[in-house]
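Peer 1: okay, predicted coordinates and the sequence, questions at the end:
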Amino acid sequence: HIYEDIVMNSKIILNYLDRNILKNSVYLFFGVVLSHLITLGILPILTRLFNQEQFGFFAIYISVFSVYTTIISARYEYGIVSTKIAKHAKGLVSICILIALIMSLVFYVIYLATPLNKYFSLQDHTYLLYVLLIVFFAQAVYQASDFWLNRNKRYIIMSINRVQMAFFIGLFQIIFSYFSLIGLVIGDIVGRVVTAISVFLNSKIRPPKLNKIKSIALLRRYREFPLFQAPTALLNAISSNSPIFFIGFFYGVEFAGAYILVVRVLGAPVALLSQSIGKVLFQKISDSYRNSSETIFRDFVVFSIILAIISFFFCMPIFLYGDIIFGYIFGSEWFVAGEYAKILSIAFFATICVSPLTLILIAIDKIKVLSIWQIFHFFLTIIILFIGSHFNFKIFLYLYSINQVFIYLLCIILIGYQIRKISKDELSN
């Protein structure tokens with residue numbers, strides 16, 4: 001009977017995926033897989049063109065970029081998908097671009113008012129400030145266009161966009177390798193700007209001109225995104241990138257370079273699943289929540305199982321043979337990065353399993369719940385990293401990995417509880 005139940009449940013899952021998700025997931029999945037294969041394929045070339053110190057400088061840049069672009073549009077881009085009104089979706093694209101322009105100028109003011117140039121060693125590369133303003137704005141345009149395509153289920157175009165971004169970034173990083181210290185950074189910036197222009201044109205979205213009254217109305221109607229999600233998303237981005245800042249400050253830029261290589265490799269499936277399966281799940285849950293919440297828990301269970309299986313088969317080889325794998329693929333200089341990867345594989349196992357599922361809380365209008373979890377994640381991570389920074393580097397990584405496992409275990413329990421609560425409320429009504 002147990003065997004029959006397993007077979008029956010497996011058929012239900014497969015039939016369910018075939019009907020509702022598989023087609024869209026495949027489009028995005030293959031596009032994102034190809035983009036990450038390009039990125040990973042170029043890494044062995046880059047590790048032979050740049051040393052750990054140069055990767056460390058790139059790590060600081062990409063951390064600042066990742067943190068700031070999280071709120072570059074005040075998270076209004078999520079409203080493009082979740083809103084039921086098509087006109088509002090178009091209007092939100094315009095809102096996102098306008099806010100991004102303002103936020104780019106805000107960064108310029110922050111840079112002038114604080115000693116960021118000294119902390120990030122930009123005294124000899126002051127022109128990078130103006131280039132950063134451009135790439136911040138370009139990323140906002142990319143994000144708004146991508147969410148517009150997601151709303152309209154144009155997954156093939158979304159896949160193509162991801163592939164061309166990986167290609168352009170890798171290509172320009174190799175071309176600009178003769179710039180030594182900043183070649184990785186300049187190549188990344190140029191690649192992102194070129195891709196953003198292409199994506200915006202391919203999306204065929206023409207943001208409407210909004211007058212003052214309509215703009216204020218949209219800002220007020222979807223104010224939950226900047227008020228509740230943006231601050232906590234910023235905290236979440238800081239907590240995710242805080243290891244780079246702590247490592248650079250307490251251990252040195254070379255350690256940051258080794259760490260960023262590990263993150264680029266182990267973080268590939270996290271980004272892959274978040275951008276493919278995660279976005280399809282977000283669209284699916286949003287549709288179900290607008291119409292009927294009966295299938296939401298089933299979606300949650302099915303995707304949790306799939307993500308756990310993928311995570312296990314990816315992380316286990318790294319956990320067992322990370323040092324050998326990194327030394328062989330990236331060169332003997334990066335053997336030590338493989339040792340760090342073995343430790344961090346524990347953290348990435350939990351991240352791969354749960355991170356794409358956090359979009360469910362946004363889809364079911366539980367932004368406040370997600371915000372509370374992100375705040376807790378931020379403060380706990382900062383505390384753990386601060387404690388870990390008083391020990392040697394490997395203990396620092398072990399403490400960070402244990403923290404990640406705990407925090408994401410708490411998250412998946414929280415998601416399941418909120419979904420069950422919605423189902424019970426619907427039945428009672």
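Peer 2: Cool, got the structure.
Peer 1: the stretch 201-350 of the chain: helices as residue ranges?
Peer 2: 212-221, 224, 230-250, 253-275, 277-291, 296-330, 335-354 (DSSP state H, counting those that start in this stretch).
Peer 1: what's the closest of these to residue 73?
Peer 2: Residue 73 sits nearest to helix 230-250 of all these, at 8.9 Å, using C-beta to C-beta. Placement of C-beta: from N, CA and C, glycine included.
Peer 1: I'd like the mean pLDDT over that closest one, please.
Peer 2: Throughout helix 230-250, pLDDT has a mean value of 86.
Peer 1: try stretch 90-106
Peer 2: So the average pLDDT for stretch 90-106 ends up being 87.
Peer 1: how about residues contacting that stretch?
Peer 2: Residues outside stretch 90-106 that contact it (C-beta atoms under 8 Å, 6 or more residues apart in numbering): 68, 71-74, 76-77, 79-80, 83, 133-134, 136-137, 140-141, 143-145, 148, 205, 207-210, 214-215, 218-219, 222.
Peer 1: buried ones in that stretch?
Peer 2: For stretch 90-106, a neighbour-count test (16 or more other C-beta atoms under 10 Å) marks 90-101, 103-104 as buried.
Peer 1: with stretch 33-43 instead?
Peer 2: For stretch 33-43, the neighbour count (16+ other C-beta under 10 Å) marks 33-36, 38-39, 42-43 as buried.
Peer 1: kindly report the same for stretch 347-363.
Peer 2: Quick answer for stretch 347-363 (16+ other C-beta under 10 Å): 347-363.
Peer 1: now stretch 171-178
Peer 2: 171-174, 176-177.
Peer 1: so residue 166 is in which element?
Peer 2: Per DSSP states H and E: residue 166 is located in helix 155-175.
Peer 1: which other helices and strands contact that helix?
Peer 2: helix 22-49, helix 127-151, helix 183-203 (3 or more C-beta pairs under 8 Å, 6 or more residues apart in numbering; DSSP states H and E).
Peer 1: which one, of those helices, ends up nearest to residue 283?
Peer 2: helix 127-151 (6.4 Å).
Peer 1: mind listing what the closest residue to residue 303 other than its chain neighbours touches?
Peer 2: Nearest residue to residue 303, sequence neighbours excluded (C-beta to C-beta, 6 or more residues apart in numbering): residue 281, at 5.6 Å. If you count contacts by C-beta under 8 Å, 6+ apart, residue 281 has them with 21, 299, 303, 356-357, 359-360.
Peer 1: so where's this protein shaky on pLDDT?
Peer 2: 1-25, 114-127, 179-181, 207-208, 210-211, 271-276, 279, 288-294, 423-429 (pLDDT under 70).
Peer 1: for residue 91, give me the backbone phi and psi.
Peer 2: phi -60, psi -40 (degrees, to the nearest 10).
Peer 1: let me redo that: residue 390
Peer 2: Reported as degrees, to the nearest 10, the phi and psi values for residue 390 are phi -90, psi 0.
Peer 1: from residue 71, how far out is it?
Peer 2: In this structure, residue 390 and residue 71 are 31 Å apart, going by C-beta to C-beta, to the nearest Å.
Peer 1: the more surrounded of these two?
Peer 2: In this view residue 390 and residue 71 are compared by other C-beta atoms under 10 Å, and residue 71 has more residues nearby, 19 against 9.
Peer 1: can you pull the contacts of that one?
Peer 2: By C-beta under 8 Å, 6+ apart, the neighbours of residue 71 are 103, 230, 233-234, 237.
Peer 1: tell me the spacing between it and residue 104.
Peer 2: The separation that residue 71 has from residue 104, given C-beta to C-beta, amounts to 12 Å.
Peer 1: next, count neighbours for residue 169.
Peer 2: Residue 169 has 23 nearby residues by other C-beta under 10 Å.
Peer 1: quick check: it touching residue 196?
Peer 2: No - the criterion here is C-beta atoms under 8 Å, and residue 169 misses it with residue 196 at 11.6 Å.
Peer 1: okay if I get the helices and strands packed on helix 155-175 as CSV plus distance to residue 108?
Peer 2: Output for these, formatted as CSV (distance: least, C-beta to C-beta, whole Å):
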stretch, distance to residue 108
helix 22-49, 30
helix 127-151, 6
helix 183-203, 16
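Peer 1: which one of the ones you listed lies closest to residue 310?
Peer 2: helix 22-49 (10.6 Å).
Peer 1: now the helix or strand that that closest one is followed by against helix 22-49, angle please.
Peer 2: Where DSSP H and E defines the elements, the next helix or strand beyond helix 22-49 is helix 52-69. Orientation check (axes from the mean of the first three to the mean of the last three C-alpha atoms, to 10 degrees): helix 52-69 against helix 22-49 gives 140 degrees.
Peer 1: packing partners of helix 52-69?
Peer 2: By 3+ C-beta pairs under 8 Å, 6+ apart, helix 52-69 packs against helix 127-151, helix 183-203, helix 230-250, helix 253-275.
Peer 1: pick the most buried one from those.
Peer 2: Mean neighbours per residue, mean count of other C-beta atoms under 10 Å, is largest over those for helix 253-275, with a mean of 23.
Peer 1: any idea of the angle that helix forms with helix 183-203?
Peer 2: 20 degrees.
Peer 1: name the helices or strands packed onto helix 253-275?
Peer 2: Going by 3+ C-beta pairs under 8 Å, 6+ apart, helix 253-275 lies up against helix 22-49, helix 52-69, helix 230-250, helix 296-330, helix 335-354.
Peer 1: the second one: how far from the chain's middle?
Peer 2: By that I understand helix 52-69. 15 Å (C-alpha atoms, centre = their mean, to the nearest Å).
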